[in-house]
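[1] The sequence isn't on hand, but the structure is:
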């Protein structure tokens with residue numbers, strides 16, 4: 001009887017771990033663009049997936065959209081990136097160089113037409129549902145429209161005003177004080193750096 005009870009407890013624990021300790025209906029084993037990974041025996045493995053309504057997904061996607069709209073809708077004659085302060089980590093790294101300088105020198109003004117988040121890979125130290133997520137790797141496609149630009153720059157780059165340009169941006173998010181922040185960013189394919197095929 002005791003052995004049977006022990007096997008039942010082990011089976012119940014296994015089911016709880018597979019389904020999710022949190023009981024969160026926004027956690028699934030079915031693939032979604034929002035994956036939770038953990039390191040097991042030196043290898044990174046997918047643990048489970050999150051649905052769009054999960055709190056972590058909602059807060060990360062809201063941050064990403066707000067960040068790009070704030071960062072890419074600056075006017076060359078009065079750029080002000082001060083509203084980005086609360087959106088970036090304490091040790092924020094912009095590996096793309098000074099996009100601000102491109103906006104000022106080339107008299108650029110853009111609008112953000114779309115922010116399409118392709119994938120968010122949340123990294124968990126433990127790997128169990130409900131365990132803390134402190135880092136996320138994100139793949140985003142951003143579509144912007146140039147509203148204004150210096151004539152020589154427009155000619156040199158082939159950028160056409162009022163035409164949409166899409167570019168991919170990899171970024172890393174980190175949690176600080178339980179809030180997602182943009183930690184690392186690379187605008188290497190931003191049209192301001194030259195024509196995009």
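    Looks like it came in fine. Treat the numbers as computed from the prediction; the structure is a model and nothing was measured.
[2] going forward, measure contacts and count neighbours with C-alpha atoms only.
    Noted.
[3] what does stretch 111-124 contact?
    33-39, 61, 65, 68-69, 72-73, 131-147, 164 (C-alpha atoms under 8 Å, 6 or more residues apart in numbering).
[4] State the helix or strand in which residue 63 lies.
    Secondary structure from DSSP states H and E places residue 63 in helix 55-72.
[5] For the next helix or strand after that helix, what does the pLDDT average out to?
    Using DSSP H and E, the helix or strand that follows helix 55-72 in sequence is strand 88-94. The pLDDT scores in strand 88-94 average 80.
[6] picking up where we left off before, and the helix holding residue 63, what's buried?
    56-57, 60-61, 63-65, 67-72 (16 or more other C-alpha atoms under 10 Å).
[7] Output the below-cut-off pLDDT ranges for this structure.
    1-22, 75-76, 93-100, 127-130, 188-197 (pLDDT under 70).
[8] Do a quick rundown of the strands in it.
    27-28, 34-40, 43-50, 88-94, 109-124, 133-148, 164-176, 179-185 (DSSP state E).
[9] now these in JSON lines, with distance to residue 82 and mean neighbour count?
    Converted to JSON lines, the strands of the chain look like this (distance: least, C-alpha to C-alpha, whole Å; neighbours: other C-alpha atoms under 10 Å):
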{"stretch": "strand 27-28", "distance to residue 82": "36", "mean neighbour count": "20"}
{"stretch": "strand 34-40", "distance to residue 82": "30", "mean neighbour count": "20"}
{"stretch": "strand 43-50", "distance to residue 82": "32", "mean neighbour count": "18"}
{"stretch": "strand 88-94", "distance to residue 82": "11", "mean neighbour count": "16"}
{"stretch": "strand 109-124", "distance to residue 82": "17", "mean neighbour count": "19"}
{"stretch": "strand 133-148", "distance to residue 82": "21", "mean neighbour count": "19"}
{"stretch": "strand 164-176", "distance to residue 82": "19", "mean neighbour count": "19"}
{"stretch": "strand 179-185", "distance to residue 82": "14", "mean neighbour count": "21"}
